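> Compute the structure for the input listed below.
(chains A, B and C)
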Amino acid sequence: MSLHVTFRVGNANYALPASQVLHLESYETATHVPGAPAYVAGLVQVRGRLVPVVDLRTRFGLPPIEHSLDRRVVVVQNGTRVAGLLVDSAREVVQIDEAAYEKPPEIIEEQASGFVNGVATSAQRLFLLVDVPRIIGEELSHG
Amino acid sequence: MKRLLIVDDSKLMRDMVAACLRPLGAVTFEFAGTGLEAIERLALSGFDLVVLDLNMPDVGGIEVIEFVRAQDRLKTLPILIVTTRGDDASRAQVLDAGASSFLAKPFAPEQILDEVRRLLPA
Amino acid sequence: MSERVDLNEFIGGFVVEAEELLATANTCLLEIDAAISDGKSKPKAVRDLFRALHTVKGLAGMVGVEPIMELAHALETLLRTADRAGGTLQRGAVEVSLQAVRAIGERVRMVAEGRSVTAAPVRLIEQIAATDASSEKVAAPPSIAADWDTRLSASERQQVFQEMQGGMPAWTLGFVPSEHRAARGITIATVRTGLAAVGEIIKVTPRTQLDASGKQAGIKFEILLLSKAARAQLAAVLDVEPDTLVAIAAPTPATASATEAPVEAHEPELEDRAHDPSRIGRATVRVELGRLDELQDQLGSLIVSRFRLERELAAQAARGLDVRKLREVTDLQARQLRDLRRAILRVRMVRVAEVLEPLALLVRSVARTSHKEVRLELDARDAELDKAVADRLLPALIHLVRNAVDHAIEPPEVREAAGKPRVGTVRIACTELASKQLELTINDDGRGIDREAIARRAQRQIADSQELLDVLTTPGFSTRDAVTQTSGRGVGMDIVKRVAVQELGGELALDTQLGAGTKFTLKVPLTIAIVEVFSFECARQPFVVPVAAIEEIFELTAERIEPPGKLRDHRVTLVHRRGHALPLISLDARLAIENGTTAKNAMVIRHNGELIAFAIDRMLGRQEVVVRPVDDPLVRARGIAGATDLGDGRPTLVLDLSELGDEHERIGA
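Take a look at the predicted model:
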C-alpha cells in the first residue's frame, strides 16, 4: 500500500503516487506563454521556482470551466523536470495498493485514455492513474 | 634606462608613487610589497634608487636601510624614505640609519618628483 | 607644466583598500576579544591591527581625508603602546577601537559616495587618548633562544613562549636567495607564502654572509617559524637539505618532548591547513564589478557577431561554395567563446567565507545591546558565490542573524533555567548543490517559533512550517509586541523573502521546534544574470525586453502608419520615423495573442543592420531584474528569452525581439 494524491478532472477521479508529487498549490492564474502548446496554461512561480502548468482539461480534450476556487496545481517531479498539473479539485490522499493496478479499460473519458496507464480502486472507488511523462510531453524533451 | 624600486605594502601607495614619478620619463619601475622582498631584490640586482616605506609587515624600513648600508656594494644607493611618521625624531632616526632623504606622507606629487630628480645619479 | 599628477584618480582605489584594511582590523579586534574571553592574549592580532590602521592613515593622508587620518592616528598610538607592552589589549580598549574603526568606516563610505567627510568626533578621540591599552604591564619577556631574544619584540617573545609551552615546535630556518633560485621562481616571497601555509612566521631577518676570507658574499634570511610540519616539508619549501634545519629547544623542561618536530602523526591536519586557501597567500587583483560587466557586454557583442558570421557562412554555402574549412574555424570559435564565458563567470565569484565576515561583528554588537551571550559559528568551507548574488544576499542574512540574536536566543539566565548552555549558538553553514545553487542554513538554538501564538495573531490556521513561513513573510506582518517574547521572531521577514525568492529566484524554508531552536534554509543560485529591462504591456500582459536591445521608443500615431489603420494582420506595415519608413510589426499578432486594445508605442530594434519597429500597447517602466531561463520543453517558444519577477510574485516573460524579427524576414521574403 502506498499513499496517492487524488484529484478530479471533469467527471473522473485520478490518482498519482504521492512520491511523484512535490506540493499542491491553489491556482489563480498563470503567465501565458505565447507559442507554447494550447494545453499549457502557462508559467507559475512556486516557492521561487518557475513551473510550467499543463491544463489537464485541455490536455484531456474537455471544455474549459469557469474560474473556481477549488482548482489546484499538482506540482509533480519527473526526473529533473518539475511541472504543474492544473486540475478541477484535489482534496484527498488515499492508500492504494500498487500491486492492484490494472490495465485501463477502454471506457470513460476517451480523450484522456492516452494519458492514463492504469486503474485502481480504493474504498470501492475507481481511480485512473495518470501517465505523467506522457502528459508533460516527455517525448518533447528528446530529439 | 634607470631602474627604480618602489617598496610599500600598500599596492595603492605603490601605484600612487609611480604615478607621481611618471614625468621622469625614461625609468622603469619595479615594486616590492615587503621589506624582505626589497632586500632580496636589492641584493640580487642593481637599482638606481629606492623609494621605501617605513612601516611594513615583516622587516621595517629602518632595518632595510641598515641592512642595505651594511652591504659594501649598496653603500651609495640613494634611498628615499616616505613615511607617515613626519616628526623630527623619526626624521633623525631615519637619516641616522643611512637614508639619503626623507619625505613625510602626505606629500604633493611635485615634492616627491623633485626629491627623486635630486637624488638620481646623472 | 604637464607634470601635475592628480591623486584624485586613486580615490576609488583608496575606498577599496581602506575597506579591506578595516575588515582586517575588525577581524583582529574580534580575535583579540575572543582571546580575552579565554584569558589569553593575541599579540599577532594586535600587531596586524596596528599595521592596518597605520596603512589606512597613510593612504588617507595621500588622498587628503583629514578626519580619517586623525582617527587612525589616535588608534595607532593606542595600539603601539599595547604592542610594546607585550601585545595585550584590555576589553575597554577593544571596545573603543571598534568604535573608532566604525567611525573610520563611516567616513570611508562618505568618500565613496562623494560626500564631504564629517570631522572626527572629538569625544571619541578624547576617549581613545584616555584609554589604557593594556590591562597588565608584562614583566621582562621570557627568553626563547639567546640568538633570537634581541631580535624579537616583547610581544613576539611572549607569543612564541606561549605557543612553545603549548607544545608547538619552533624552528630557525635559513634561506639564501640567489639569481639561480629566483629564476626557478623561488624567492623570499614564495618561501614566506609556502611557510605561512604550514605554520606561523614570527620573524624574518636578513643576514650578511661572509666567505672564508671574511669578505661579504651575499645575504641570507633567517626565519623563526612555529610549525608542526615535517622537517622534509619545510626543507622542500626552502629548497635545502632537511638536515640543515634547526629546531629550537622548548623553553621549559615540561615540554621537552615537543622540541623535535613530532610530525608524521600530525600530517593529516597539516594537509588540511595547507589546502585551506585562506592560509595561502594567493596573488589577487581587485576589479570593480562594473568593469566585469563591461567585459561581459563585450562578450555579448562577440557572440552576436559570431552568429552573423554563421549566417553569412550559411548564405555562402547555399550559393554552393565550399565552406567546410571555415565551418571548422567557427565551430572552434564557438567552443572558445563558451570557455571564455565560463572563465568570466569564474572571475565574478567571491568566497562565501568573506561574504559572511561582517556577521561576526553584527552578532557581537546585537548580543551586547540585547544582553545575550551568543557564539557565531561559520562554516563556509570553500564555497564561492557570484559577487552580485552575494551583495543582494547579505541584507537578508543580516536580517536573519540579527533576529536570531535579538529575538530567538534567550537571555543567559532563561537559558540556564531551561537547562540549556548559557551561551547561545547561531550557526551559518553552506553547501553547494548539484543544481548550481548554494544552500545556506541559519540555525539557532533559541526558543523556537510559537506557531499557535503566530496563528492567533494572524487570525488564521497554520498547518505546517510552510504556512508559518508564509505568515511570517507577509509584508506588514509583525510580531513586534508581547508576542515577540514567545514567538522569537522580529519584524521584516518579508525582506528576507523578497531577497531570496523575488530578487534572486531562490527558495526559503523554515524548520522550527518550540524551545529547541529554528533553522532557516535559503537556496540561492550561484550566479545570476541581472539585466536592465523596459517593461511594457501587450494585450494586457506585461512583458520585458533588455534595454540594450532597444534602439528607440516612440509614440505611435495613426498618421505615421502606412497603410493607415489596421495593424493586426501579417502584411508588412510601415511606420514613418525621422523621415525613414521602418517595417512595423504588431507584437500581439506576432505572438498570436488576442488583443482588443490599440498600440500606443513602438519599440525599435536593430536587426541584421536594419531597423524594425514593434507595436506595443503601452510602456510600464524600466528596472533591473534577475532573468531566469525558461527551458522546460513545455514552454520553450520562439522569442521567449526567459522569465523574471517584477515584484508581484508572478513570472513575467523576457522577450527576444530579435528572434521575433527573424520571422519578419521569413514572412517578408
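> Now do the contacts for the residue of chain A found nearest chain C.
Going by Cβ to the nearest Cβ, chain C is nearest to residue A:35 of chain A, at 3.1 Å. C-betas here are computed from N, CA, C, even on glycine. The contact partners of residue A:35, taken as Cβ atoms under 8 Å, 6 or more residues apart in numbering or on different chains, are C:591-592, C:637-640.
> Also residue C:430?
C:352, C:379-381, C:383, C:438-441.
> In helices only, show me those residues.
Under the assignment DSSP state H, those contribute residue C:352 to helices.
> Just the buried ones from the contacts of residue C:430?
With burial judged by 16 or more other Cβ atoms under 10 Å in any protein chain shown, the buried subset of the contacts of residue C:430 is C:352, C:380, C:383, C:438-441.
> quick one: the nearest residue to residue C:524 once chain neighbours are set aside and chain B, what's the gap?
Excluding the flanking residues, the one nearest residue C:524 by Cβ to Cβ, 6 or more residues apart in numbering or on different chains is residue C:506, at 3.8 Å. Using Cβ to the nearest Cβ, to the nearest Å, we find residue C:506 at a distance of 35 Å from chain B.
> that older thread, lowest pLDDT pick from the contacts of residue A:35?
Lowest model confidence among the contacts of residue A:35 falls on residue C:592, which carries 82.
> Can I get the one helix or strand in chain B whose mean pLDDT sits lowest in PDB? Just the C-alpha atoms.
Sorting the helices and strands of chain B by mean pLDDT, DSSP states H and E puts helix B:88-97 at the bottom, at a mean of 82. Extracted in PDB, the C-alpha atoms of helix B:88-97 (Å, rounded to 0.1, in the frame of the first residue of the first chain):
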ATOM      1  CA  ASP B  88      61.700  65.300  13.800                       C
ATOM      2  CA  ALA B  89      62.700  62.300  15.900                       C
ATOM      3  CA  SER B  90      61.700  59.900  13.200                       C
ATOM      4  CA  ARG B  91      63.500  62.000  10.600                       C
ATOM      5  CA  ALA B  92      66.600  62.000  12.700                       C
ATOM      6  CA  GLN B  93      66.400  58.200  13.200                       C
ATOM      7  CA  VAL B  94      65.900  57.500   9.500                       C
ATOM      8  CA  LEU B  95      68.700  59.700   8.300                       C
ATOM      9  CA  ASP B  96      70.900  58.400  11.100                       C
ATOM     10  CA  ALA B  97      70.300  54.800   9.800                       C
END
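> Quick check, central residue of chain A?
Central residue of chain A (Cα atoms, centre = their mean): residue A:85, 4.3 Å from the mean position.
> could you list every residue that touches the residue nearest to residue C:524?
Per Cβ under 8 Å, 6+ apart, neighbours of residue C:506: A:48, C:437, C:500, C:522-525.
> And residue A:25, how close does it get to residue A:136?
16 Å (Cβ to Cβ, to the nearest Å).
> and residue C:162, what helix or strand is that in?
helix C:154-165 (DSSP states H and E).
> Report all helices and strands that that helix contacts.
Counting contacts by 3 or more Cβ pairs under 8 Å, 6 or more residues apart in numbering or on different chains; DSSP states H and E, helix C:154-165 is packed against helix C:43-62, helix C:66-84, strand C:170-175, strand C:199-210, strand C:216-227.
> now it, how far from the centre of its chain.
On the basis of Cα atoms, centre = their mean, to the nearest Å, helix C:154-165 sits 35 Å off its chain's mean C-alpha point.
> then that helix to PDB, C-alphas only?
The C-alpha coordinates for helix C:154-165 follow below in PDB (Å, rounded to 0.1, in the frame of the first residue of the first chain):
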ATOM      1  CA  ALA C 154      58.300  41.900  23.700                       C
ATOM      2  CA  SER C 155      55.000  40.800  22.300                       C
ATOM      3  CA  GLU C 156      56.700  38.400  19.800                       C
ATOM      4  CA  ARG C 157      58.700  36.800  22.600                       C
ATOM      5  CA  GLN C 158      55.500  36.500  24.600                       C
ATOM      6  CA  GLN C 159      53.700  34.800  21.800                       C
ATOM      7  CA  VAL C 160      56.500  32.300  20.900                       C
ATOM      8  CA  PHE C 161      56.900  31.400  24.600                       C
ATOM      9  CA  GLN C 162      53.200  30.800  25.000                       C
ATOM     10  CA  GLU C 163      53.000  28.600  21.900                       C
ATOM     11  CA  MET C 164      56.100  26.600  22.600                       C
ATOM     12  CA  GLN C 165      54.800  25.900  26.100                       C
END
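> Show the average pLDDT along that helix.
On average, helix C:154-165 scores 82.
> For residue C:596, which three-state class applies?
Classification of residue C:596 using DSSP: H, G, I helix; E, B strand; the rest coil returns coil.
> Are stretch C:375-395 and chain A in contact anywhere?
No. Against chain A, stretch C:375-395 shows no contacts by Cβ under 8 Å from any Cβ of the partner chain, the least distance being 13.5 Å.
> first to last residue in that stretch, what's the distance?
End-to-end distance for stretch C:375-395, by Cα to Cα, to the nearest Å: 20 Å.
> Not counting its neighbours along the chain, what's nearest the closest residue to chain B within the stretch 451-600 of chain C?
Going by Cβ to the nearest Cβ, chain B is nearest to residue C:527 of the stretch 451-600 of chain C, at 27.7 Å. Nearest residue to residue C:527 in three dimensions, chain neighbours excluded: residue C:386, at 4.0 Å (Cβ to Cβ, 6+ apart).
> Run through the bridge partners of the one you found.
Judged by DSSP bridges, the bridge partners of residue C:386 are residue C:349.
> thinking residue C:622 is in contact with residue C:547, fair?
Yes. In this structure residue C:622 lies within contact range of residue C:547 using Cβ atoms under 8 Å: 6.6 Å.
> between these two, what contacts are shared?
C:532-534.
> Would you format the residues you listed as CSV with secondary structure included?
Converted to CSV, those look like this (three-state DSSP):
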residue, secondary structure
C:532, strand
C:533, strand
C:534, strand
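> and those, which are buried?
Among the shared contacts of residue C:622 and residue C:547, the ones that count as buried (16+ other Cβ under 10 Å) are C:533-534.
> one step back: gap between the residue of the stretch 451-600 of chain C closest to chain B and residue C:345?
Counting by Cβ to Cβ, the gap from residue C:527 to residue C:345 is 6 Å.
> Report the set of residues contacting both of the two.
By Cβ under 8 Å, 6+ apart, residue C:527 and residue C:345 have these common neighbours: residue C:386.
> what sits against residue C:347?
Contacts of residue C:347 by Cβ under 8 Å, 6+ apart are C:287, C:292.
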